[in-house]
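A.B. asks: requesting a structural model of the entry that follows:
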Amino acid sequence: MKPGNFGRHRYCQAHRLTVAVLVATACGFTFTLANAQSDNLISASERGDLPAVNALLKSQADVNDHKSYQTTALIAAASNGHLEVVKALLVAKADVNARSEVRGDTALLLASANGYLEVVQALLGAGADVNLKGVGGLTALIAALRNDHLEVVRALLAAKADVDARWDVRNRTALMEAMHGHLEVVRALLAAGADVNAIDGTGSTALMEAASTGRLPMVQALLAANAAVNIVPAAWQKRPAGARQHSIGPTALTAAVSGGHADVVQALLASHADPNVRTRDEYAPLTIASAKGRADLVRMLLTTKADVNAVEYDGSTALSLAMQNGREEVVRLLTGATAAVRAGK
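C.D. replies: I've put the predicted structure just below:
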């Protein structure tokens, strides 16, 4: 839910309670006094009008009403970062875990998504459930890190947010989502015990994602946290229920080679990535590098005992693809490597 969208259809809204009731009647609505008070409370909370909020609460406005706006005053205030209004509503016994009717978002989830740290802290202090999920299984933690709100991430982790909660149809974790953000967020998740080898529904891991985009600092952080650099049977046992067995992603090394990220390739090889491991229907790293004409990557892979004579699922080899694509330097490297293999060197 986008902050600021609460109550965009207030056809009969006015600032003062008496005016609101008169206008509502003139428009043909049958609002009761309590309805008008609650509508005004949500509107005042959305815009951060503390005096109006206090006056309405004093006049017994229903702090948890949400029928007209499909949200609550607390959600409206929290999503817009109005800390003092949030505090006033909490004192008035606002339901800290109430959900909006459209998306099921909570005050904590929206405040986290928008980076309102003090609001997040106030909600947590009032007993907000840190692991309640919104649409698609989105959690406050994932909402915060997707927008690189590091301090909010830390606050949620300190409140025991489930660091490995899954969301989205792909069964992704917070660590996977963090691969496209800031390194400090990744470090915070790893320090909180995030499963570095978790596998999503497409067979991808955080390391594979970081390798595919060439994020060397991310790769180094994951490797330091003992990320599995090669696909091993034990890792596949962690695949979430419902994951398609034929939708297996590339290895981290294959992903890095495909993206042409030489520094990442070097880091993975230094961490004992097997140059001959591949997933079904994927070329080996050497074949990919050869087809692309990346002589630098070919040299690295040959140095780590890549199989120069490996035949791919379609019958091609690294040498045949290099020749087919006119990669002369790579052809020379592979020819020399082939001759060395034949000579037993």
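A.B. asks: in stretch 326-340, what counts as buried?
C.D. replies: Residues of stretch 326-340 classed as buried by neighbour count (16 or more other C-beta atoms under 10 Å): 327, 330-331, 333-334, 337. In this view, the C-beta of every residue, glycine as well, is placed from N, C-alpha and C.
A.B. asks: local confidence estimate at the spatially most central residue of the chain?
C.D. replies: The structure's the chain has its C-alpha centroid closest to E177; by C-alpha atoms, centre = their mean the separation is 2.7 Å. Listed pLDDT for E177 reads 94.
A.B. asks: starting at the chain centroid, how far to the helix or strand harbouring it?
C.D. replies: E177 is part of helix 174-178, with elements assigned from DSSP states H and E. Chain-centre distance of helix 174-178: 5 Å, with C-alpha atoms, centre = their mean, to the nearest Å.
A.B. asks: buried sites along the helix or strand following it?
C.D. replies: Scanning forward in sequence from helix 174-178 by DSSP H and E, the next helix or strand is helix 183-191. Residues 185-190 are the ones in helix 183-191 that count as buried (16+ other C-beta under 10 Å).
A.B. asks: what of stretch 80-92?
C.D. replies: Buried residues in stretch 80-92 (16+ other C-beta under 10 Å): 80-83, 85-90, 92.
A.B. asks: what about that stretch, average pLDDT?
C.D. replies: Across stretch 80-92, the per-residue pLDDT values average to 98.
A.B. asks: can we start the residue count at 239 from this point?
C.D. replies: Fine by me, first position is 239 from now on; the one you just mentioned is stretch 318-330.
A.B. asks: run the chain-centre distance for it.
C.D. replies: On C-alpha atoms, centre = their mean, the centre of stretch 318-330 falls 28 Å from the chain's centre.
A.B. asks: what does stretch 415-423 give?
C.D. replies: 9 Å.
A.B. asks: what sits up against that stretch?
C.D. replies: 380, 383-384, 386, 388, 391, 424, 427, 444, 447-448, 451, 453, 455-456, 459 (C-beta atoms under 8 Å, 6 or more residues apart in numbering).
A.B. asks: how about a cut-off of 7 Å?
C.D. replies: Contact partners of stretch 415-423, identified using C-beta atoms under 7 Å, 6 or more residues apart in numbering, comprise 380, 383-384, 386, 388, 391, 424, 427, 444, 447-448, 453, 455-456, 459.
A.B. asks: what of stretch 571-583?
C.D. replies: Against stretch 571-583 from outside (C-beta under 7 Å, 6+ apart): 528, 533, 536-537, 540, 546-547, 556-557, 560.
A.B. asks: which members of those are the farthest-apart pair?
C.D. replies: A533 and N547 (18.7 Å; C-beta to C-beta).
A.B. asks: quick one: which of the two has more around it?
C.D. replies: A533 (19 against 12; other C-beta atoms under 10 Å).
A.B. asks: surely that one is in contact with V568?
C.D. replies: Yes: under the criterion of C-beta atoms under 7 Å, A533 makes contact with V568 at 5.4 Å.
A.B. asks: and the contacts of stretch 571-583, which of them are buried?
C.D. replies: 528, 533, 536, 540, 546, 556-557, 560.
A.B. asks: before we move on, the earlier item: what about the residue nearest to the centre of the chain, distance to E567?
C.D. replies: For E415, the distance to E567 (C-beta to C-beta, to the nearest Å) stands at 40 Å.
A.B. asks: for the stretch 389-538 of the chain, give me the ranges with low pLDDT.
C.D. replies: Low-confidence segments of the stretch 389-538 of the chain (pLDDT under 70): 469-487, 517-519.
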